[in-house]
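S.K.: next come a sequence and a model predicted from it.
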Amino acid sequence: MRLKFRTEGGLAFFPGLRAPIEIDTSELREEEAAELVRCVEEARFFERPEGPEEPPHGAADLRLHTVTVEEGAHSRTVRAYEPIEDPALRALIDALGALAKKLGRTRRTHDAEEDRP
């Protein structure tokens, strides 16, 4: 399963700090991959409308999350504004956000180590 995750907007949004990530579950530790697959299934991701629903009138600085999941011949992109009321979709986005932070730290550390003489 391949996933793409991007967050835009929100207070003090700095695009460079929230670069989109791509995740291939075959490249993750087994428990991380299983958690993402479980979240996708519980969110009934492939049955969801692509959205997003319109944000509340007058709302400003809301974060917009975009998630794409590809599995075999199936692919779907879902967009959702904060606050996300559906607990299953919220769990998926939280899991992706946590993994994005972890992968970002790992990549920055790895890149810094490669730059050292």
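M.R.: Perfect, I can see it now. Numbering: from 1, shown residues only.

S.K.: compute the first-to-last residue distance for stretch 2-19.
M.R.: 17 Å (Cα to Cα, to the nearest Å).

S.K.: residue boundaries of the strands in this structure?
M.R.: 2-9, 21-24, 63-71, 74-81 (DSSP state E).

S.K.: which of the helices and strands in the chain ranks last by mean pLDDT?
M.R.: helix 87-115 (a mean of 74; mean pLDDT, DSSP states H and E).

S.K.: check residue 61 and give its pLDDT.
M.R.: The pLDDT attached to residue 61 in the predicted structure is 74.

S.K.: how many neighbours does the closest residue to residue 76 other than its chain neighbours have?
M.R.: Counting by Cβ to Cβ, 6 or more residues apart in numbering, residue 76 lies nearest to residue 46, which is 5.3 Å off, once chain neighbours are set aside. Quick note: C-beta positions are derived from backbone N, CA and C, even for glycine. Other residues within reach of residue 46, judged by other Cβ atoms under 10 Å, total 13.

S.K.: ok, residue 46 to residue 81 distance?
M.R.: Separation of residue 46 from residue 81 (Cβ to Cβ, to the nearest Å): 21 Å.

S.K.: about what we covered before: pretty sure the residue nearest to residue 76 is touching residue 72, no?
M.R.: No. Using Cβ atoms under 8 Å, residue 46 is not in contact with residue 72, being 10.6 Å away.

S.K.: possible to save the strands of the chain as TSV with distance to residue 92?
M.R.: Shown next, in TSV, are these (distance: least, Cβ to Cβ, whole Å):
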stretch	distance to residue 92
strand 2-9	9
strand 21-24	12
strand 63-71	7
strand 74-81	9
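
S.K.: closest one to residue 41 among the ones you listed?
M.R.: strand 63-71 (10.3 Å; Cβ to Cβ).
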